[in-house]
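Student: Pasting a predicted model and its sequence here:
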Amino acid sequence: MNAQPGRNALSRRTFLKSGAIGIGGLVLAIDITGCSKRGAKSAAGEITTTNAWLSIGTDNSIHFLCDRSEMGQGVYTGLVTLLAEELEVDPRRIGVEFAPVGAAYTNALLGGQVTGGSTSVRDAWDKLRIAGAQAREMLKAAAASEWKTTASTCRVENGEVVSSFGKRFTYGELAAAAARLPVPADIKLKDARDFRWIGKSSTRLDTPAKVDGSAIYGIDVRLPGMLYASLAMPPMLGGKVRSFDDAAARAMPGVQGVVATSTGIAVVADSWWHALQARNALKVEWDGSASAALNDGSILRGLKQAAAANGIVARKDGDADAALAGAARVVRAEYQLPMLAHATLEPQVCTADVRADGCDIYVPTQTQGAAQAAAARAAGLQPGQVNIHTTFLGGGFGRRLDVDFIPAAVEASKAIGKPVKLLWTREDDTTHDVYRPPAYDTVAGGFDRDGKLVAWKLHLTGPSITARVFPGAVPPGGVDPFSVEAASNYPYDVPNVLVDWVPHEVGLDVGYWRSVSHALNCFVAESFMDELALAAGQDPAAFRRTLLAKQPRYLGVLEVALRHSGYGKNEPGRFRGVAVMEGYGTYMAQVAEISLVDGKAKVHRIVCAVDCGQAVNPTIVVAQVESAILFGLSATLWGEINVQGGRVQQSNFHDYRVVRMNEVPVIETHLVASDESPGGIGEPATALVAPALCNAIYAATRRRLRSLPLTRHNLA
Amino acid sequence: MLTININGSDRSVDVDPATPLLWVLRDTIGLTGTKFGCGMALCGACTVHLDGQPVRACVTPVSAVGTAKVTTIEGLSADRSHPVQKAWIELDVPQCGYCQSGQIMSATALLAANPQPTDTDIDAAMSGNICRCGTYQRIRAAIHRAAELAAKEQS
């Protein structure tokens, strides 16, 4: 059947419950004792599951269960590389498929089976290397036992254990015996200089399936007897169905049923096209009273009113208020940021197969546990009765950390009694996103009589994403850590720093959007850093350099970006702006280079210097930087979701623009060599684009842009 | 009943003639390599060839296909051996990969018409294909690389 998203069908047979063993301060979820499933037969022969991620067939085939979602960021390749490095097997020899829901797969940095926050490699860095090393040592011990020798006399190479006399066993021959041995507690991981695959660029393992159309995304799932659904959702935020007439829809070709679900009216048909045509024939009276007064102006007014209060303190060094009061000179500014849609190219989609005793969900999700819980609630089942099959994701960017598109598919399948694939249109997707929060921020800097920056205060106001997505996770009076990024870690050497945050709900659902509040706060902090530099009469790069003297990793990336960008070079008509940031344990500096054409900024080049610690696969790191920069560029140039009368005004790519081939600047990425542990790489580069670009625009025009997108400003 | 030639085979399909080719390919025939992104010919994810010309299958009624030969990503080669596919693999172009079938179909049509495209030619031919992951820089490089590979194959 072609519904299996992975390359083979091993996992569902061989996956087993996992215990947890604490090793080296980590909780390593691993399963060995008493749980090894042997006897599962397939083309691979007898299969042994060595731990939660690894299974080995008697034919020496090796399979990796990838417990993070592949949405372009490269976990399908990067995570298996970590395990393979210690297992001493070429990652390209290992088959990869996506893991089911399991306690073993909890992301320790996020507390759930979640792909997000640029955490995948950071979370897996020790965990999967230890898992690979433990499996390797157990395979060696099993071989040593057969040879009546000690494991220390054996070595491993290319999926085989070799004795000191040159005798060999394949891993496949040893796996069953190895799985019965105790898990070694004392594991020595390889020294970085001995890495064979980590730190080396190799082609992605998912590339072949993505150039011949065979990769299975959520939209591609096909099950026997499956029907297709389109969902009529309220055209206004928070709307409800008052009444509907489906007589015309039911009479349309191919229609199998109409189901009133918790999130809209699902029309189920024998093809998606039929479902969509019939959906358009529904007559629905909506109740839009909840959001009728909601619009851009009311949202901004609400933010400004809320900003009058003192915020919850996220960072306090010294006494910034007192220092500002006593400063010889104070610079103040207000910044404002719009809401944004994620616009994953694959619209939201979910296929549900609900039966009386259980349910299978095939879904591109970043959050398997939440998907399982949402499906179980919708189906009236226990979570343990719901299997989540993760497909490839046609983009994630944080959108698929929400599970709002799952219940309707489940409810439709349950009502109709057949598998149902429910697919949103682009318009559904744009108008029913969980949007990046809007922000209204005030910022101030104070200089003493000697021109030294002695105070910096950033006062943030906006809605909390975490409070919505994880109710109870942000205690009353507590800070949502995903609201103060790139602010609470203010790196400059200033004695009095205050970052505070006013949580203010804006009347619609906000979501995690690539780099989350880094993209909001870095724009403010790094744009204002230029304002302060210019107030001090200094070059913005030189000003930063002085105040980063005690921050070697920031300084390192700043110098590399400046050098490669030609910053400071006098080229008529070309202007450059700089920004620096740490996010997700990764240090970055960007220099944007622009010219002015017809009163608009034309972006020629963006140079990005990156210190992400140990890069697992440098090619993928560079690709993620390029990707994040263009994501940030689209937002900076055009990104804006507007609301009028409770209705989102944008609908498709004609009015929610994203960069195209002819609009792409040259992007140069320079990796700074580092032996620090890996930092996250999927997101941070997004956040530096807007400040670097707006700082370049200031250099060109002497106009400071304190709101986005650029389409709000006429530079002529 | 309509008969259309897809990837070299005649297929008879019992669909409303107004149905977009995209949904006939994906839902009726089961060729899911061609993707849906916008439904308005704005993103290019659904690009296929009609007699070698790139078209957006999401806005092409199946009745408009007539006797034209339809080529989808699945029909480009049996073994990823088309120079564009080889270049895409060599330069590791895809990230999420969702747009790449459309990108590859647009690129193959460009190279068939213009074996040595300039960057300006690439901009013109490819700006209808959105890549939300931003792989454009690599797509550009891969098109140039595919042109080299194709030239070598012919020499």
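Tutor: Arrived safely, thanks for sending. Residues are numbered from 1 along each chain as shown, chains lettered A, B, ... in the order given.

Student: ok so A:Ala266 is a helix residue?
Tutor: No - counting by DSSP: H, G, I helix; E, B strand; the rest coil, A:Ala266 is not found in a helix; it is strand.

Student: can you tell me how far it sits from A:Asp428?
Tutor: From A:Ala266 across to A:Asp428, the span is 12 Å (C-beta to C-beta, to the nearest Å). C-betas here are computed from N, CA, C, even on glycine.

Student: Residues that sit against both of the two, list them.
Tutor: Taking C-beta atoms under 8 Å, 6 or more residues apart in numbering or on different chains as the criterion, A:Ala266 and A:Asp428 both touch A:Leu231.

Student: and A:Leu596, which of the three is it?
Tutor: strand.

Student: Settle this for me: it is touching A:Thr701, isn't it.
Tutor: Yes - counting by C-beta atoms under 8 Å, A:Leu596 does reach A:Thr701; the two are 7.0 Å apart.

Student: between these two, what contacts are shared?
Tutor: In contact with both A:Leu596 and A:Thr701: A:Leu715, using C-beta under 8 Å, 6+ apart.

Student: Let me see the residues that make contact with stretch B:103-112.
Tutor: Residues from elsewhere that reach stretch B:103-112 (C-beta under 8 Å, 6+ apart): A:211, B:44, B:47-49, B:52-54, B:71-73, B:76, B:82-85, B:88, B:93, B:117, B:121-122, B:125-126, B:128-129, B:131, B:135, B:139, B:142-143, B:146-147, B:150.

Student: Check the offset of that stretch from the chain's centre.
Tutor: 7 Å (C-alpha atoms, centre = their mean, to the nearest Å).

Student: for it, which positions count as buried?
Tutor: B:103-111 (16 or more other C-beta atoms under 10 Å in any protein chain shown).

Student: Kindly report the same for stretch A:323-333.
Tutor: Those would be A:323-324, A:327, A:330-331, A:333, for stretch A:323-333 by 16+ other C-beta under 10 Å.

Student: and which of these is nearest chain B?
Tutor: Comparing these against chain B with C-beta to the nearest C-beta places A:Ala333 closest, at 30.3 Å.

Student: ok, that closest one touching A:Glu531?
Tutor: Yes - if you go by C-beta under 8 Å, A:Ala333 and A:Glu531 touch, sitting 6.1 Å apart.

Student: Surely A:Trp286 is in contact with A:Gly239?
Tutor: Yes - at 4.9 Å, A:Trp286 and A:Gly239 qualify as touching, with contact defined as C-beta under 8 Å.

Student: Can you find the residue of chain B that comes nearest to chain A?
Tutor: Counting by C-beta to the nearest C-beta, chain B gets nearest chain A through B:Gly33, at 1.9 Å.

Student: can I assume that residue sits in a strand?
Tutor: No - counting by three-state DSSP, B:Gly33 is not found in a strand; it is coil.

Student: which phi and psi does the closest residue to chain B within chain A have?
Tutor: For chain A and chain B, the shortest gap (C-beta to the nearest C-beta) falls at A:Gly213, measuring 1.9 Å. When read as degrees, to the nearest 10, the backbone of A:Gly213 gives phi 80, psi 10.

Student: Kindly report the same for B:Asn5.
Tutor: Main-chain dihedrals, B:Asn5, degrees, to the nearest 10: phi -100, psi 120.

Student: okay but it is in contact with B:Val70, surely?
Tutor: Yes - counting by C-beta under 8 Å, B:Asn5 touches B:Val70, with 6.3 Å between them.

Student: Tell me how many other residues surround the nearest residue to A:Leu532 once chain neighbours are set aside.
Tutor: Nearest non-adjacent residue to A:Leu532, counting by C-beta to C-beta, 6 or more residues apart in numbering or on different chains: A:Gly445, 4.6 Å away. Residues contacting A:Gly445 under the criterion other C-beta atoms under 10 Å in any protein chain shown number 28.

Student: who touches A:Gly445 in this structure?
Tutor: Contacts for A:Gly445 (C-beta under 8 Å, 6+ apart) come out as A:330-331, A:453, A:455-457, A:528, A:531-532, A:535.

Student: If you drop the residues flanking it in sequence, what lies closest to the residue positioned nearest the centre of chain B?
Tutor: Of all residues in chain B, the one closest to the mean position by C-alpha atoms, centre = their mean is B:Met105, 2.2 Å from it. Distance criterion C-beta to C-beta, 6+ apart; nearest residue to B:Met105, sequence neighbours excluded, is B:Thr47 at 4.2 Å.

Student: hmm, back to that, name whatever forms a beta bridge with the residue nearest to A:Leu532.
Tutor: A:Val331, A:Trp456 (DSSP bridges).

Student: give the contact list for B:Cys96.
Tutor: Taking C-beta under 8 Å, 6+ apart, we find B:Cys96 in contact with A:70-72, A:345-346, A:392-396, B:132-133.

Student: Spatially nearest residue to residue 75, not counting backbone neighbours?
Tutor: Let's take chain A. That would be A:Arg68: by C-beta to C-beta, 6+ apart, it lies 4.2 Å from A:Val75.

Student: my bad, the chain I had in mind was chain B
Tutor: B:Gly75's closest residue in space is B:Asn7 (C-beta to C-beta, 6+ apart), at 2.9 Å.

Student: Just confirm that neighbour contacts B:Glu74, I think it does.
Tutor: Yes - in this structure, B:Asn7 is within contact of B:Glu74 by C-beta under 8 Å, at 6.1 Å.

Student: Common neighbours of those two, please.
Tutor: Both B:Asn7 and B:Glu74 are in contact with B:Leu31, where contact means C-beta under 8 Å, 6+ apart.

Student: could you check the distance from the nearest residue to A:Leu189 once chain neighbours are set aside over to A:Lys190?
Tutor: Once flanking residues are discounted, A:Leu189 sits nearest to A:Arg129: 5.3 Å by C-beta to C-beta, 6+ apart. Per C-beta to C-beta, A:Arg129 is found 8 Å from A:Lys190.

Student: give the contact list for A:Gln382.
Tutor: By C-beta under 8 Å, 6+ apart, the contact set of A:Gln382 is A:Ala376.

Student: Can you pull the phi/psi pair for it?
Tutor: phi -80, psi 150.

Student: Of A:Ala266 and A:Asp428, which one has the most company?
Tutor: Counted by other C-beta under 10 Å, A:Ala266 and A:Asp428 do not tie: A:Ala266 has more neighbours, with 26 against 20.

Student: Bridged to the more buried one, which residues?
Tutor: Beta-bridge partners, per DSSP bridges, of A:Ala266: A:Leu231, A:Val259.

Student: give the contact list for it.
Tutor: Counting by C-beta under 8 Å, 6+ apart, A:Ala266 makes contact with A:229-232, A:258-260, A:408-409, A:411-412, A:420, A:422.
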